[in-house]
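In: My questions are about this predicted structure, shown below with the sequence.
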Amino acid sequence: MFEKSSWIRLPRNVVVGHGVLDEVVPVVSDLHLDGRPLLVTSPTPRTVAADPIAADFRESGVDPAMVTVETASFDAVERVIDAVEAEDADYLIGVGGGKAIDIAKMASHHCDIGFLSVPTAASHDGIVSNRGSVPDGDTRHSVAAEPPLAVVADTAILAEAPWRLTTAGCADIISNYTAVMDWRLAHRLKNVEYSGFAGALSEMTAEILVENADSVRPGLEEAAWIVTKALVSSGVAMSIADSSRPASGAEHLFSHQLDRLAPEAALHGHQVGVGSIMTAYLHGGEKGVWLDIRNALESIDAPTTAAELDIDDETVIEALTTCHEIRDRYTILGDGMDEGAAREVARETGVIG
Ligand SMILES: NC(=O)C1=CN([C@@H]2O[C@H](COP(=O)(O)OP(=O)(O)OC[C@H]3O[C@@H](n4cnc5c(N)ncnc54)[C@H](O)[C@@H]3O)[C@@H](O)[C@H]2O)C=CC1
Ligand SMILES: O=C(CO)COP(=O)(O)O
Ligand SMILES: [Zn+2]
């Protein structure tokens with residue numbers, strides 16, 4: 001008897017384009033959301049987007065509340081949950097980079113209230129996903145979270161953000177290639193549930209981005225448009241899978257370990273990009289996929305070496321040999337890399353000197 005069932009939860013409105021920040025209030029009205037919003041943001045995104053959104057709400061007769069967060073942590077999620085209660089908020093709007101949006105979506109899941117996603121940087125593919133990513137001691141959780149009811153992505157703001165944030169978003173997408181390789185491997189070896197639709201969407205998203213790499217150039221608002229579309233598409237793949245598997249494999253474990261060993265050294269997207277070069281090599285160096293990934297990263301000015309990440313070679317080796325312990329997710333790293341083998345892959349791919 002067939003007994004499978006699943007919920008795929010996706011945003012109802014995805015509004016992307018020049019100047020659409022002005023449309024947050026109309027989007028809220030279109031969703032029939034009533035009451036008081038709580039804006040969850042961080043310092044720069046507050047000035048760039050959250051303050052103007054709050055002014056638009058006040059003009060429409062709604063008094064919004066605001067909370068500023070700095071890090072992706074369970075403490076920050078708790079602070080937002082407390083603010084929902086204290087401010088009597090009815091729904092949340094995450095305004096900022098990946099961390100502010102993750103915190104807002106996890107708090108909204110806990111409080112069982114709606115959430116809107118307003119990215120101010122095209123730096124990560126958590127804009128739409130129904131997952132939150134939180135470091136916790138030696139480990140890193142991929143937490144179930146509320147997918148946004150709507151996304152409002154203003155390409156004028158995204159194009160004005162520092163260019164490195166956009167190249168980080170591109171690298172987060174390019175890393176989908178190895179994330180899907182790991183997912184299929186885990187399916188074949190460990191019978192991990194695999195979704196062909198989510199896997200294909202994730203890979204196709206990376207392919208379309210790479211095909212359009214010539215238009216991903218600083219100063220071009222079209223670049224923000226192309227990258228944001230890809231980030232949304234990748235997030236949809238995660239929501240279809242109800243897992244971050246389509247977009248997070250061993251390259252993400254490597255990045256999460258770097259976050260512990262060299263905090264704040266480099267952006268999430270840049271770290272996963274470098275990780276992806278090495279894990280593609282492990283998946284079958286002779287086929288040269290790792291070179292395609294490295295060339296794709298180079299073509300959009302994303303880092304391809306430890307030095308460009310501003311992380312020393314020994315930290316890269318430590319991360320490679322220990323990151324399989326970060327979480328229970330089977331990948332090409334299996335039960336861990338030998339140190340000599342780690343040095344070889346890092347040297348062969350040019351990641352370390
Ligand atoms: N839940 C999910 O599915 C996913 C979650 N993530 C998570 O997202 C985080 C990475 O996201 P990032 O955006 O790279 O980090 P982030 O949120 O720390 O943002 C990076 C920096 O850019 C600043 N920024 C944002 N917009 C700006 C603007 N317009 N102008 C100037 N500065 C601006 C932020 O204030 C911050 O200082 C990680 O914690 C990662 O685990 C990443 C991918 C998927
Ligand atoms: O960053 C992600 C996808 O790009 C997802 O993060 P996790 O590795 O925490 O699931
Ligand atoms: Zn990522």
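Out: Yep, it's here. Residues are numbered from 1 along each chain as shown. Ligands and ions are numbered 1, 2, ... in the order given.
In: Right, and ligand 1 sits closest to which residue of the stretch 251-353 of the chain?
Out: His268 (3.8 Å; CB to the nearest ligand atom). No exception for glycine: its C-beta is placed from N, CA and C like everyone else's.
In: show me the contacts for that residue.
Out: The contact partners of His268, by CB atoms under 8 Å, 6 or more residues apart in numbering, come to Gly98, Ser123, His124, Ala168, Asp172, Ser255, Asp259.
In: Compare these and tell me which has the most neighbours.
Out: Asp172 (35 neighbours; other CB atoms under 10 Å).
In: Got the confidence number for that residue?
Out: pLDDT, Asp172: 98.
In: again, but for Ala224
Out: 97.
In: same thing with Glu286?
Out: Confidence score, pLDDT, at Glu286: 65.
In: does Val14 count as helix, strand or coil?
Out: Recorded secondary structure, Val14: strand (DSSP: H, G, I helix; E, B strand; the rest coil).
In: how many neighbours does Asp63 have?
Out: Neighbour tally, Asp63, other CB under 10 Å: 10.
In: got the contact list for the residue in the stretch 1-150 of the chain that ligand 1 sits nearest to?
Out: Going by CB to the nearest ligand atom, ligand 1 is nearest to Gly98 of the stretch 1-150 of the chain, at 2.1 Å. Going by CB under 8 Å, 6+ apart, Gly98 touches Ala72, Ser123, His124, Gly126, Ser133, His268.
In: who are the neighbours in contact with the second one?
Out: Right, the one you point to is Ser123. Gly97, Gly98, Ala161, Leu165, Thr166, Ala168, Gly169, Asp172, Leu267, His268, Gly269.
In: pretty sure His109 contacts Arg131?
Out: No - at 10.2 Å, His109 does not count as touching Arg131 under the criterion of CB atoms under 8 Å.
In: Pick out whichever of the two has more residues nearby.
Out: Set side by side, His109 and Arg131 show more neighbours around Arg131, with 25 against 19, by other CB under 10 Å.
In: got a pLDDT number for that one?
Out: pLDDT for Arg131: 93.
In: So it sits against Arg245, correct?
Out: No - checked against CB under 8 Å, the pair Arg131 and Arg245 is beyond contact range at 9.8 Å.
In: Identify the contacts common to these two.
Out: Met238.
In: just for this structure, where's the confidence low?
Out: 285-286 (pLDDT under 70).
In: For it, what lies in contact range of ligand 2?
Out: Asp125, Arg131, Ser133, Arg140, Ser142, Asp172, Ser244, Ala247, Ser248, His252 (CB under 6 Å from any ligand atom).
In: quick one, phi psi at the second one?
Out: Torsion angles at Arg131 (phi, psi; degrees, to the nearest 10) stand at phi -120, psi 150.
In: From the residues of the chain next to ligand 2, pick out the ones that also neighbour ligand 1.
Out: Among the residues of the chain next to ligand 2, the residues lying close to ligand 1 (CB under 6 Å from any ligand atom) are Asp125, Arg131, Ser133, Asp172, Ser244.
In: and Leu282, what does it touch?
Out: Leu282 neighbours (CB under 8 Å, 6+ apart): Ala250, Ile332, Leu333, Val345.
In: buried ones in the longest helix seen in the chain?
Out: Longest helix of the chain, by residue count under DSSP state H: helix 221-241. The neighbour-count check on helix 221-241 (16 or more other CB atoms under 10 Å) flags 223-241 as buried.
In: quick one on the thing from earlier: looking at the ones next to ligand 1 among the residues of the chain next to ligand 2, spot the one nearest Leu201.
Out: Each of those was scored against Leu201 by CB to CB, and Asp125 proved nearest at 11.8 Å.
In: quick one: the closest one is in a helix?
Out: No - remark: Asp125 does not belong to a helix; assigned using three-state DSSP, it is coil.
In: Mind checking which of the residues of the chain next to ligand 2 land in strands?
Out: Among the residues of the chain next to ligand 2, DSSP state E puts Arg131, Ser133, Arg140, Ser142 in strands.
In: which of those residues sit farthest apart?
Out: Taking CB to CB, no two of those sit farther apart than Arg131 and Arg140, at 11.6 Å.
In: Tell me where the stretch 251-353 of the chain has helices.
Out: Shown for the stretch 251-353 of the chain, the helices assigned by DSSP state H, counting those that start in this stretch span residues 268-284, 289-299, 306-309, 313-322, 339-348.
In: Sorry, slip of the keys, the one I care about is the stretch 101-250 of the chain.
Out: With DSSP H, counting those that start in this stretch as the criterion, the stretch 101-250 of the chain has helices spanning 155-160, 163-174, 176-190, 196-211, 221-241, 250-261.
In: Out of those, which is closest to Ala306?
Out: When these are compared by CB to CB, helix 250-261 sits nearest Ala306, at 9.7 Å.
In: What is the distance between that closest one and the centre of its chain?
Out: On the basis of CA atoms, centre = their mean, to the nearest Å, helix 250-261 sits 14 Å off its chain's mean C-alpha point.
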